[in-house]
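J.: Here is a sequence with its predicted model. Questions after.
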Amino acid sequence: MLEIQKHRGPDDSGIRAFSLKTSKSLELPVNEPVTIQGEYEGMLGFNRLSILDLSINGHQPMASPDQKVLLTMNGEIYNAFDFKNELINWGYQFKSTTDTEIVLALYLKYGFEEMLTRLNGMFAIVITDLRCGKLYVARDRFGIKPMYYIANSEMLAFSSELKSFRYLEGFTYRLDESQLDEFMLFRSNLRDTLFKDIHSLDPGHFLLFENGKELQKHCYFDINDFDRYHKNDVSLASLVAQFESLLGKSVQSQLMSDVKLGCQLSGGIDSSLITYFANNNTLKGQFESVSIVFDNLLFSEEKYIDRVNNQLNISGHKFLLGPEYYLKNIEKATWHFEAPLNHPNTIGIYLLSQRAKEHVTVLLSGEGADEVFGGYRRFSDISYPWSNRKFLHEIRNSIAQPGNLFSYFNDANRGVMANCFADSLLAAKLIREFNMAGAITSRKTLYNKLTGSAFDKQIKYEMLSFLPELLLRQDKMSMAHSIENRVPFLDNDVVSNSFNIPQKYLISRFRKNKYITEKYLLKEMAVRKFDKNFAFRNKVHFSIPLSDYFKNSQFKQYFNDKIIPGIRSRGIMNHSLISGWMDNISELHPKEIGCLWVAITFEIWASLYLDLQHENSHS
């Protein structure tokens, strides 16, 4: 189980057997077979990517001084050292300079939930307390780090990557067909995974296991604790200054490292701001950027990447993503992602991380800014749903299915469907017996629990639905190459204070309401750091020229030799429709290209995991 995800931590590994019944534990050798007696019913294993304190003192699983509390932690806690003096004064004697040991000491002093409320960072944490026979598994509040688990009458198993589960006795990967409808619309599942019996722990939640008791799941962070009501109206200038300070502080805290850092620079304003603040807090010449560029200029922001690198006088590394690399690595990226590649640019991040490893070990990225600060066009559509432009757009989209227009009048339907990738008509063509109600039920349930204005609900919904899948993409593709990816926009203080920003400073109307700009406050911040033309330009998502790649002769051959035969024999999707799309790629609507992408990546994932045709060939 450890070996297959060694990429997450190539620097050190540890195994510890334990018993909640007898309160015993035993450190085991990693690289040789060991037979232990039946007195240990549990095992902890950990692969370490050394970032702070590169010595053996940071070894995990880490034990308390009395050996009765065991801790494993993936991630970084950026405010950990704020507590160190307090813990020393309390009497704890540190043997390392890691944030991991501070978390262990915080647990010993405050207990699990009190410890969690103090942590500002990204993490998946497991604490085994042999004193009271309890085992805790927690995931950070926004889902920056993954955590999966299997819980049944036979066992409790958990891992940062679900590929480890294949080595559990009697376990096989099976498709959970009940998740397919939702996946076809959204390219992801809000709860759980596409595998039967493998669950994804919700962000902001923890599990509690005790012998003889049912597994409990608890929420320790509720996004509804934030609201934008009854806030004092403040000036835009003062808010920009406040968030310059907050973001600068967040970036500075996330530069904590004993290895080299850099920035994932796309050329957009989010990553450019992170690069600006990081460079300001780093010794001159010590900070670098890494970027993906394309031959197709419609998809490239290379001129903005160059602008930032030149203005800040930092060393920038640009890597070209072309169809040959795309085809060569699509299976490797899928193996690491452990699900159908939901976003075509996932392979771009795979390439970026692969090449970045030549220069740095930690990358800062701008992920999270769009969700927290209202950066997508759909935020303005939700805020002004009855504008002529938006309403006419919905009417055109509903010509083939007039009933869909009526669902637009329902706030939950409108909010949930805002970030879907396909429409129900295409999904129904793609898979038999597509169930629209089943596809959106869990998402509507989530949406209806959210509080605040329509805008606030959408912010919260995006943070709970769309953001975790983007973070998963960042984590899996970077850790595939032993790179740690950090996200300063998701600092606890940045996010909580973002709900103090009046909506008018996030979604702003100009020129008699005809021009709407999203993420207005961050754009104003970018004006001050760069200029107005840089900040107020049309948003270019980190997109991929998919149509160009699909037309590539090698890709077409791969499609005909492997993909379409697999789709046909699997019998889940309409193979003749998919073949027709590929034959007429130049005439496809963007949504049809998106559905073709879903079909192709689903088949690749199914061949790797459901069929297990490539056992360990991509590790």
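T.: Yep, it's here. Only a predicted model underlies this, so the values are computations on that prediction, with no experimental measurement involved.
J.: For the closest residue to Leu104 other than its chain neighbours, list the residues it contacts.
T.: Closest residue in space to Leu104, ignoring its immediate chain neighbours: Leu71 at 4.6 Å, by CB to CB, 6 or more residues apart in numbering. (C-beta placed from N, C-alpha, C; glycine too.) Contact analysis of Leu71 by CB atoms under 8 Å, 6 or more residues apart in numbering lists 60-64, 100, 103-104, 107, 125-128.
J.: and the helix or strand containing Leu71, what's its mean pLDDT?
T.: Here Leu71 sits within strand 69-77, counting by DSSP states H and E. For strand 69-77, the mean per-residue pLDDT is 96.
J.: Check which strands are paired with that strand and give the direction for each one.
T.: Strand 69-77 has the following strand partners under DSSP bridges: strand 62-63 (antiparallel), strand 121-129 (antiparallel).
J.: Just the C-alpha atoms of that strand, please, in CSV.
T.: Output of strand 69-77 as CSV, limited to C-alpha atoms (Å, rounded to 0.1, in the frame of the first residue of the first chain):
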residue,chain,number,x,y,z
VAL,A,69,-0.6,8.9,20.8
LEU,A,70,0.4,8.3,17.2
LEU,A,71,0.1,10.9,14.5
THR,A,72,0.3,10.9,10.7
MET,A,73,-0.2,14.2,8.8
ASN,A,74,-0.1,15.0,5.1
GLY,A,75,0.1,18.7,4.4
GLU,A,76,1.4,21.9,6.1
ILE,A,77,0.1,24.0,9.0
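J.: What is the helix or strand just after that strand packed up against?
T.: As assigned by DSSP H and E, the chain's next helix or strand after strand 69-77 is helix 84-90. Helix 84-90 sits against helix 99-110, with contacts defined as 3 or more CB pairs under 8 Å, 6 or more residues apart in numbering; DSSP states H and E.
J.: related to what we said a few turns ago, wait, which of the strands paired with strand 69-77 is closest to Leu446?
T.: strand 121-129 (21.8 Å; CB to CB).
J.: close enough to count as contact, Leu521 and Gln242?
T.: No. If you go by CB atoms under 8 Å, Leu521 and Gln242 don't touch, sitting 9.7 Å apart.
J.: Among the two, which residue is more densely surrounded?
T.: Leu521 (20 against 15; other CB atoms under 10 Å).
J.: thinking again about what came up before, tell me which of the strands paired with strand 69-77 sits most buried.
T.: Each of the strands paired with strand 69-77 was scored by mean neighbour count; the highest is strand 121-129, a mean of 23, by mean count of other CB atoms under 10 Å.
J.: which residues of the stretch 301-450 of the chain fall in strands?
T.: Ranges of strands within the stretch 301-450 of the chain are 315-320, 362-364, based on DSSP state E, counting those that start in this stretch.
J.: show me what contacts the residue lying closest to Ser250 once chain neighbours are set aside?
T.: In space, and not counting its chain neighbours, Ser250 is closest to Asp491: 3.7 Å by CB to CB, 6+ apart. Counting by CB under 8 Å, 6+ apart, Asp491 touches Tyr78, Asn120, Leu246, Leu247, Lys249, Ser250, Ser253, Gln254.
J.: For the first one, the count of nearby residues, please.
T.: The number of residues packed near Tyr78 is 23, by other CB under 10 Å.
J.: before we move on, what about the last one?
T.: As a burial measure, Gln254 scores 23 neighbours (other CB under 10 Å).
J.: Generate JSON lines for the strands paired with strand 69-77, with mean pLDDT and distance to His481 as supplementary columns.
T.: What follows is these, written out as JSON lines (pLDDT from 0 to 100; distance: least, CB to CB, whole Å):
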{"stretch": "strand 62-63", "mean pLDDT": "96", "distance to His481": "25"}
{"stretch": "strand 121-129", "mean pLDDT": "98", "distance to His481": "18"}
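J.: Tell me which of the ones you listed lies nearest to Ala157.
T.: strand 121-129 (11.5 Å).
J.: Could you give me the buried positions within the following helix or strand past the closest one?
T.: Using DSSP H and E, the helix or strand that follows strand 121-129 towards the C-terminus is strand 134-139. Of the residues in strand 134-139, Lys134, Leu135, Tyr136, Val137, Ala138, Arg139 count as buried by neighbour count, 16 or more other CB atoms under 10 Å.
J.: can you check stretch 78-92 too?
T.: Per 16+ other CB under 10 Å, stretch 78-92 contains these buried residues: Tyr78, Asn79, Ala80, Phe83, Lys84, Leu87, Tyr92.
J.: Export those as CSV, with columns for distance to Arg486.
T.: What follows is the buried residues of stretch 78-92, written out as CSV (distance: CB to CB, whole Å):
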residue, distance to Arg486
Tyr78, 8
Asn79, 14
Ala80, 14
Phe83, 20
Lys84, 21
Leu87, 24
Tyr92, 27
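J.: Can you find the helix or strand in the chain with the smallest mean pLDDT?
T.: helix 403-407 (a mean of 53; mean pLDDT, DSSP states H and E).
J.: my guess is Gly415 meets Gln458, correct?
T.: Yes. Between Gly415 and Gln458 a contact is recorded at 5.5 Å, counting by CB under 8 Å.
J.: and for those two, which residues touch both?
T.: Ile382.
J.: And for Val34, the neighbour number?
T.: 10.
J.: still on that earlier bit, tabulate the strands paired with strand 69-77 in JSON lines, adding columns for distance to Asp583.
T.: Conversion of the strands paired with strand 69-77 to JSON lines gives the following (distance: least, CB to CB, whole Å):
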{"stretch": "strand 62-63", "distance to Asp583": "57"}
{"stretch": "strand 121-129", "distance to Asp583": "44"}
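J.: mind checking which of the ones you listed is nearest Glu210?
T.: Nearest of these (CB to CB): strand 121-129, 10.1 Å.
J.: chain center to that closest one, what's the gap?
T.: 17 Å (CA atoms, centre = their mean, to the nearest Å).
J.: swap in stretch 37-53?
T.: Distance, centroid of stretch 37-53 to centroid of chain: 24 Å (CA atoms, centre = their mean).
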